[in-house]
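Participant: sequence and predicted model, in that order:
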Amino acid sequence: MCGKSAEKYKRNIQRRKEITVDNNTGNRPRKRVTKKMLRQRQLGALAVIAFLVLFFVVLGFKACSKSGDEKKGSKPQDTTTTTTFVTTTVPTTTVTTTTTHPLASQVVLSKREMFITVGGSDISYITGYPAGSAEVNEVWKSMDESIAKVDSLGHVTGVAQGETFVILSFDNNPGLEVEIKVHVADVAGATTTARETITITEVTAAGGVVSSFTTTPTPVAALQS
């Protein structure tokens, strides 16, 4: 009996030492995991994952629904577009360019302006011709034959009171034209209702009167008749 008790006592001491060693080193005896426990753990993990997926799906659906309600509830704002037209007035400048024929300066006339009466005539003589032209190349025309006419030699005849131009050109120099201004006065048709008396007195250097006489001019119409 004493031998068995001593052996049992030794075993207890040895077990205590082993337990003390395990506690000091941290190597506790592992718990045995059965297939059933492993399956339960796997099912629990799947359940947690399924719950998380469902949670995020519901959360996303609510967010989309809320955004759609806000769009439906918001009233469209009226947009007014104002178009402003600016009208700019650009001043128009009219430039008149007078082109002078290069041979115009070679044409020399006895007169560029003439004064005649109705029925009277005058002529402007050509004393200088342009290069290549001669008397046979002269072309005369009147801008208004109801006031003055001109023949092929340049004789201008008054027709009625007024002003016009006679144009001299040359058939072998196209574009070369020379203007002669014509004034026509209706002196022949004028009537005089009052006659002016003119007194002419001849006076010497000493202040003495040598002679004196009075005259009345005759109207032009009377002289032409």
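Facilitator: Sure, I can see it. Numbers count the residues shown, from 1 in each chain.
Participant: per-residue confidence at residue 176?
Facilitator: Residue 176 carries a pLDDT value of 88.
Participant: enumerate the positions of the longest helix seen in the chain that are buried.
Facilitator: What stands out as the longest helix in the chain, according to DSSP state H, is helix 35-73. Buried residues in helix 35-73, counted by 16 or more other Cβ atoms under 10 Å: none are found. Placement of C-beta: from N, CA and C, glycine included.
Participant: check which element follows it along the chain.
Facilitator: strand 108-109 (DSSP states H and E).
Participant: quick check: mean pLDDT of that following strand?
Facilitator: For strand 108-109, the mean pLDDT works out to 90.
Participant: other SSEs contacting whichever helix or strand comes after it?
Facilitator: Sequence-wise, the next helix or strand downstream of strand 108-109 (DSSP H and E) is strand 113-117. For strand 113-117, the packing partners by 3 or more Cβ pairs under 8 Å, 6 or more residues apart in numbering; DSSP states H and E come out as strand 121-123, strand 155-158, strand 177-185.
Participant: list of residues touching strand 113-117?
Facilitator: Strand 113-117 has contacts (Cβ atoms under 8 Å, 6 or more residues apart in numbering) with 122, 124, 148, 156-158, 180-188.
Participant: tell me the angle of that strand relative to strand 177-185?
Facilitator: Using axes from the mean of the first three to the mean of the last three Cα atoms, to 10 degrees, the inter-axis angle of strand 113-117 relative to strand 177-185 is 30 degrees.
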